[in-house]
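In: have a look at this prediction, sequence included:
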Amino acid sequence: MTGRPWISTTAIAAPAVAVWLLLVMLPEARRDPLWALGAVVGASFLGTGIVAWRLHPRNRVGPLMAAVGIAWIPQQLLIGDGAPAPFVVWLGACGLWAGLACHLFLAYPTGRLDGLPSRVVVGVAYAESVVLPGASVAVRTDPPEPLGSVALLVDGVRWQTVVVTGALVVGLSVARWREGSAAQRRAVTPVAAASLIATVAFVADHVAAGWGWGTQPLFVYAMFGAFIAVPLAYLGSLIRRGIDRGRVADLVVRLRGGKQPGDLEGELAAVLHDPTLRVGYWTAGQDRYVDAEGSPVELPPKEDGRVMTRVDRGGARLAVLLHDAALLEQPLLVEAACAAASLALENERLTADLKARLRQLAASRARMLRWGEAERRRIERDLHDGVQQRLLSVAMTLGLAEATAHSGRRDGLIGEAKASVLAALDDLRAVSHGIHPPVLTERGLPGAVKELAAVTPVPVECVIGMVEPLPAAVESAAYYIVNEALANVTKHARAGRAWVRLARSEGRLVVEIGDDGRGGADPARGSGLRGLSHRAEANGGSLRLDSRRGGGTVLRVTMPCE
Amino acid sequence: MARLLTEAGFQVAAAVDDAEELLALVGGDRPDVAVLDIRLPPTHTDEGLRAALTLRRRHPEIGVLVLSQYVRVSYAVELLGGGVEGVGYLLKDRVSDLAEFAAAIRRVGSGGSALDPVVVEQLVSRHRQPDDPLIQLTGRERDVLRLMAEGRTNLAIAERLAIAERTVEKHCTNIFGKLGLEAGPHDHRRVLAVLRYLNA
């Protein structure tokens, strides 16, 4: 906010307050501390009301405050004790400020009365603020019957009605305060608390008077003090909001220029005056927060004064701010800064998401390369130790048979050679199964899944949609995933039945393996599930595990297959 | 293979390269048995298996013996889906025992069956639900059923288990009883028992 509205506003408010003071000082009057305090009450309401009115012309809080200030004049004159007999009219009007104050308290901060209860209570308060002082005046002037009896009756229940109305005002205020969000509560608390104290003190003063204790200076001072606090707190919140808006406006301007990734974090840290502030961007694919470079962000435990504030946009999770707990004192500032930066946050989130994916892909590629290398070594070793050795022994045995003259011994050697060849065939089968499952070559994924289901001890129902043709890598990954998942069902699930579902939708292969077993599978424990997740990731897919204890397990993998 | 079969005393009507040729020739030549590999040209995937299924549908009287480098339970279930008569499914390794292999071909040719022990073993090793009638079989009865599933006659089973043929027959009656296969001709029950065994 620039200085100009403040200057013009002060130019209006200052003369108004001066006129007001002149008005209340005109009559001959006692000028003691209580009077001075009362003058401050009225003047501060009037002044703040004008300022608020100028700054927020459409909000009724300003006019209401100013009205309270003006309606305070009869009250002020009454304190001055200089109210002469002709001023009984003043006396009649001297309670109006209380009705206006009730209206103000219940309409703060929007200026509107929401809901029927508030409107009824404010209506009652206005009626009381005119009728009760009116009855007091009437009792003193001894009017004709039946007006006198009615006035006497009304004056008799004066303090009780004030107590009831006061309680209603307090109850409604508290209820409204509790309904608000945490941020709203923190913003309205100073004014609301001052209003509450003022109301309670006002009621207590009336109760004291009603019980014949006379005017208790303590209650009156408390009431006046709390009344002064209301406009002051309001003024404070106005000033703070103005300063915060200025900072947020600066942020918007600074974000407009082309920024490097990571700058946003610095800008937000500067605006919110928290150099330790960190931004975590949500990556839906990986279900976690990452920084601008795509590295995972660790969320702090609930200690050491660090707080997380989530930023959403259009209902979707956008980012999280990790900041100092002290920032909670300025919830509206944080909210406004997040709103101002939300577009930039969304942009940066997309970049961070992309970088996180690249990181994941690079890690998965490295893993697959390592795995492929290890696999080739294993195959070479298997061939060397198994098939090659056996074939070598076959050649030697046959050579021996060739050189043997004894026919019985020769038959024995030939039988030995045959056994070795069969064993070599067995070895070769195992090796080629390790390289690529033959059933996958022969029958594709649907046939291979049926075979896996057929050899699983638990009854497995296969629901196989039109999924082929599939890229070889995806087919292979899906096969190993189903294989491992069914092995897990057999080993851990204690299931009565299981199912495998293969489907293709929108260019993605969906593989689902479920059982009705005991659930409680934890991907963090056991490398099997992690391996499956890596396989899915290596094909650009993702894995989801749903395994509530006692609720069965459903593993769902989706992989792009266009 | 043709040499091997001739050596074993069979007459080889034709040796063909792919499934299409086989299906075309079988219609005219009407051989007793067709021996196929699962992997055949052009794709070397499952042409042989599909040709075997077609053959069984079109010419149920011709025996079909499928050979493979690997045996799969699901293939066996598929092959035997239409009954266990005149069908065989063996590992290629079995050709190394010529006498046994020739016996298997003859069984398939005369309307019997030949199932590889590895497949049967995989079926046996599967966990059974508590209400499965196969659970109630004794160890010996299960041995008999297993050999029955391989396609062997009572006499062959008796030789293999080194027991009297009469004892085998008694076991068979018990098996049929426990599996609830009381009625019908004897051979039909035998087929049903094996199918129950395979599909369980």
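Out: Perfect, thanks for sending it. Residues are numbered from 1 along each chain as shown, chains lettered A, B, ... in the order given.

In: these two touch, right, residue A:386 and residue A:427?
Out: Yes. Using C-beta atoms under 8 Å, residue A:386 is in contact with residue A:427, at 3.9 Å. Quick note: C-beta positions are derived from backbone N, CA and C, even for glycine.

In: in a strand, residue A:310, correct?
Out: Yes. Under DSSP: H, G, I helix; E, B strand; the rest coil, residue A:310 sits within a strand.

In: chain neighbours aside, what residue packs nearest to it?
Out: Of all residues not flanking residue A:310 in the chain, residue A:320 sits nearest, at 5.3 Å (C-beta to C-beta, 6 or more residues apart in numbering or on different chains).

In: tally of neighbours for residue 175?
Out: Since you didn't name a chain, this refers to chain A. Other residues lying near residue A:175 total 12 when counted by other C-beta atoms under 10 Å in any protein chain shown.

In: my bad, chain B
Out: Neighbour tally, residue B:175, other C-beta under 10 Å: 25.

In: am I right that it sits in a helix?
Out: Yes. Using three-state DSSP, the assignment for residue B:175 is a helix.

In: against chain A, how distant is it?
Out: Distance from residue B:175 to chain A, counting by C-beta to the nearest C-beta, to the nearest Å: 22 Å.

In: for stretch A:151-161, which outside residues touch it?
Out: Here stretch A:151-161 makes contact (C-beta atoms under 8 Å, 6 or more residues apart in numbering or on different chains) with A:128, A:131-132, A:134-136, A:138-139, A:143, A:206-207, A:209-211.

In: ok, stretch A:118-138 next?
Out: By C-beta under 8 Å, 6+ apart, stretch A:118-138 touches A:88, A:91-100, A:102-103, A:106-107, A:113, A:147-148, A:150-151, A:154-155, A:158, A:161-162, A:165, A:168-169, A:172.

In: now that we have those, which of them are buried?
Out: Among the contacts of stretch A:118-138, those buried by neighbour count (16 or more other C-beta atoms under 10 Å in any protein chain shown) are A:91-100, A:102-103, A:106-107, A:113, A:151, A:154-155, A:158, A:161-162, A:165, A:168-169, A:172.

In: for the residue nearest the centre of chain B, give its distance to residue B:78.
Out: Centroid-nearest residue in chain B: residue B:114, 2.9 Å away (criterion: C-alpha atoms, centre = their mean). Per C-beta to C-beta, to the nearest Å, residue B:114 is found 16 Å from residue B:78.

In: swap in residue A:348?
Out: 56 Å.

In: out of the two, which sits in the more crowded spot?
Out: Under the neighbour definition other C-beta under 10 Å, residue A:348 and residue B:78 were set side by side, and residue A:348 has more, 23 against 20.

In: which of the helices or strands spans the more buried one?
Out: Here residue A:348 sits within helix A:331-382, counting by DSSP states H and E.

In: I'd like to know how many residues surround residue A:284.
Out: Neighbourhood size, residue A:284 [other C-beta under 10 Å]: 11.

In: show me the contacts for it.
Out: Applying C-beta under 8 Å, 6+ apart, the residues near residue A:284 are A:317, A:353.

In: give me the below-cutoff pLDDT ranges for chain B.
Out: B:124-131, B:182-189, B:198-200 (pLDDT under 70).

In: which bits of it sit near chain A?
Out: When proximity is defined as C-beta under 8 Å from any C-beta of the partner chain, chain B approaches chain A at B:38-39, B:44-46, B:49, B:69-70, B:72-75, B:77, B:92-93, B:96, B:122, B:126-127, B:129.

In: among the contacts of stretch A:151-161, name the ones in strands.
Out: Using DSSP state E, the subset of those located in strands is empty.

In: where's the dip in pLDDT among those residues?
Out: Within the contacts of stretch A:151-161, residue A:143 has the lowest pLDDT, namely 71.

In: so which residues of the stretch 451-562 of chain A form helices?
Out: Along the stretch 451-562 of chain A, the stretches classed as helices by DSSP state H, counting those that start in this stretch are A:472-488, A:527-538.

In: pick the most deeply packed of these.
Out: Highest mean neighbour count among those (mean count of other C-beta atoms under 10 Å in any protein chain shown): helix A:472-488, with a mean of 20.

In: what's the local residue count around the closest residue to chain B within the stretch 401-550 of chain A?
Out: Distance from chain B to each residue of the stretch 401-550 of chain A (C-beta to the nearest C-beta) is smallest for residue A:457, at 3.2 Å. Here the count is done by other C-beta under 10 Å, and residue A:457 has 13 residues near it.

In: next: residue B:158.
Out: Neighbours of residue B:158 using other C-beta under 10 Å come to 20.

In: closest residue of the stretch 151-300 of chain A to chain B?
Out: Taking C-beta to the nearest C-beta as the measure, the stretch 151-300 of chain A has residue A:285 as its residue closest to chain B, at 34.9 Å.

In: so what's the closest residue to that residue other than its chain neighbours bridging to?
Out: Spatial nearest neighbour of residue A:285, chain neighbours left out: residue A:542 (6.2 Å); criterion: C-beta to C-beta, 6+ apart. On the basis of DSSP bridges, residue A:542 is bridged to residue A:558.

In: isn't residue A:542 up against residue A:535?
Out: No. Applying C-beta under 8 Å, one finds residue A:542 not in contact with residue A:535, separated by 11.2 Å.

In: any idea which helix or strand in chain A has the lowest mean pLDDT?
Out: helix A:88-93 (a mean of 54; mean pLDDT, DSSP states H and E).

In: quick one: what helix or strand has residue 67 in it?
Out: All of this is about chain A. Counting by DSSP H and E, residue A:67 is found in helix A:61-79.

In: meant chain B, my bad for not saying
Out: Short version, using DSSP H and E: residue B:67 is in strand B:63-68.

In: any idea how chain A splits into domains?
Out: Following automatic domain parsing, one finds the domains of chain A at A:4-244, A:271-363, A:367-435, A:439-560.

In: ok, the residue of the stretch 401-550 of chain A closest to chain B touching residue A:490?
Out: Yes. Using C-beta under 8 Å as the test, residue A:457 is close enough to residue A:490 to be in contact (5.6 Å).

In: so what's the backbone phi/psi at the residue of chain A most remote from its centre?
Out: What lies farthest from the middle of chain A is residue A:405; by C-alpha atoms, centre = their mean that is 91.0 Å. Residue A:405 has phi and psi values of phi -90, psi -30 when expressed as degrees, to the nearest 10.
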